[in-house]
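Participant: No letters, just coordinates:
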């Protein structure tokens, strides 16, 4: 069965939902395809104690406040429920359990999307997923013995799921320090491996949440291409974790450069016997289903603010797509509005309509 729609949105997370909302405001017929069984499931599958850095007042998508204490920080299940509620509130045309297996150019300059439940045709496509889809794990992982338990941070749930023995958490970002701190608090023997962490920032500063300051100073709207934004992008600040306190409870070693069956080898040559490795090493872009020539040699989208050289094909939700907040829950709506405006103009609609809600 083939279903035709004017604009297809691939991905039903926060980026896809915000884009769908703006497209509907502009009067564009659209459909949102999401591979998960329920809206919000990408959040439900993250580790149990995950809590957002951003307070609820900065976690809303366009047109619907995030419920609860505006100065409190929601957990991952609360975010998932908010997204599901958002889709329901605006009656967004989300099709769950509908994974796109191939997207190709159509003969009429539109696009054809193949899914497990049928085929879709569209004049325009907005890709709102794939940037955080595939775990990035170093090649040295393959040299560890099968007896060493390995998992990416996306598969970590809680300390109870980690076997006894020494744990090495590999990574230099917020995820690595949060997981290392949780494991150490549970009494586990933890080593964290990195060369350099970004600047550690407190969750609260002078009585205000750090994101209140970011909002007032315009930090989340900075481009990562130059100036202060480029420096922030390179540093990847650690927010809300007492790094000094953490380093009093865990061991620290240089970045991992090799593995020898039951041990990891750090950059200074130190060998670290290990029972479990948590690879908090981020994600790589992955679009194996995208058969349109808009990706570079690394498989990352080539775009300008989410607009590609292929007419009618857009991206939203990429890290630093247009600004620091491009992939952050409470700020992704700005890029969604920008992309929906382009799509509306291309369709001959009034692009200013996307700003009305």
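Facilitator: Done, it's in. Source: prediction; values computed, not measured. Residues are numbered from 1 along each chain as shown.
Participant: Okay, the residue most central in space within the chain and residue 82: tell me how far apart.
Facilitator: Geometric centre of the chain, nearest residue: residue 132, 4.8 Å, by C-alpha atoms, centre = their mean. Remark: distance between residue 132 and residue 82 (C-beta to C-beta, to the nearest Å) = 18 Å. All C-beta atoms are positioned from the backbone trio N, CA, C, and that covers glycine.
Participant: sorry, back to before: give the closest residue to the residue nearest to the centre of the chain in space, chain neighbours not counted.
Facilitator: Excluding the flanking residues, the one nearest residue 132 by C-beta to C-beta, 6 or more residues apart in numbering is residue 283, at 4.7 Å.
Participant: So what does the one you found have for phi and psi?
Facilitator: With angles defined as degrees, to the nearest 10, residue 283 sits at phi -130, psi 160.
Participant: Kindly tell me how buried it is, as a neighbour count.
Facilitator: Residues lying near residue 283 (other C-beta atoms under 10 Å) number 16.
Participant: Repeat that for residue 293.
Facilitator: Residue 293, neighbours per other C-beta under 10 Å, totals 10.
Participant: Also the one 10 residues further on?
Facilitator: Each residue near residue 303 was counted by other C-beta under 10 Å, and the total is 19.
Participant: Show the pLDDT at it.
Facilitator: The model reports residue 303 with a pLDDT of 96.
Participant: Distance check, it against residue 22.
Facilitator: If you go by C-beta to C-beta, the gap between residue 303 and residue 22 works out to 18 Å.
Participant: just checking, residue 198 touches residue 241?
Facilitator: No. Using C-beta atoms under 8 Å, residue 198 is not in contact with residue 241, being 11.0 Å away.
Participant: So for those two, which residue has more residues nearby?
Facilitator: Neighbours per residue (other C-beta under 10 Å) separate residue 198 from residue 241, with residue 241 holding more: 20 against 17.
Participant: How much space separates that one from residue 190?
Facilitator: Separation of residue 241 from residue 190 (C-beta to C-beta): 14 Å.
Participant: Next: residue 338.
Facilitator: 42 Å.
Participant: I'd assumed residue 141 was in a helix, is it?
Facilitator: Yes. Assigned with DSSP: H, G, I helix; E, B strand; the rest coil, residue 141 falls within a helix.
Participant: Burial check on it, number of neighbours?
Facilitator: 17.
Participant: now the one 3 residues further on
Facilitator: Residues contacting residue 144 under the criterion other C-beta under 10 Å number 18.
Participant: tell me which residues form a beta bridge with it?
Facilitator: With DSSP bridges applied, residue 144 shows beta-bridge pairing to residue 261.
Participant: Then residue 205?
Facilitator: Here residue 205, judged by DSSP bridges, has bridge partners residue 208.
Participant: what's the neighbour count on it?
Facilitator: Neighbour number of residue 205 under other C-beta under 10 Å is 11.
Participant: Any buried residues in stretch 108-123, and which?
Facilitator: For stretch 108-123, burial by neighbour count (16 or more other C-beta atoms under 10 Å) applies to 110, 111, 112, 113, 114, 115, 120, 121, 122, 123.
Participant: what do you get for stretch 18-33?
Facilitator: Those would be 18-26, 28, 30-33, for stretch 18-33 by 16+ other C-beta under 10 Å.
Participant: Inside strands: which ones of these?
Facilitator: Applying DSSP state E to the buried residues of stretch 18-33, the entries found in strands are 30, 31, 32, 33.
Participant: hmm, who's touching the worst-scoring helix or strand of the chain on mean pLDDT?
Facilitator: When each helix and strand of the chain is scored by mean pLDDT, DSSP states H and E, helix 227-235 comes last, with a mean of 85. Contact with helix 227-235 is made by 198, 199, 219, 222, 223, 224, 320, 323, 324, as judged by C-beta atoms under 8 Å, 6 or more residues apart in numbering.
Participant: give the contact list for the third one.
Facilitator: For residue 219, the contacting residues are 213, 228, 232, 324, taking C-beta under 8 Å, 6+ apart as the criterion.
Participant: In this structure residue 221 contacts residue 324, no?
Facilitator: Yes. Using C-beta under 8 Å, residue 221 makes contact with residue 324 at a distance of 7.1 Å.
Participant: Nice, that's everything, thank you.
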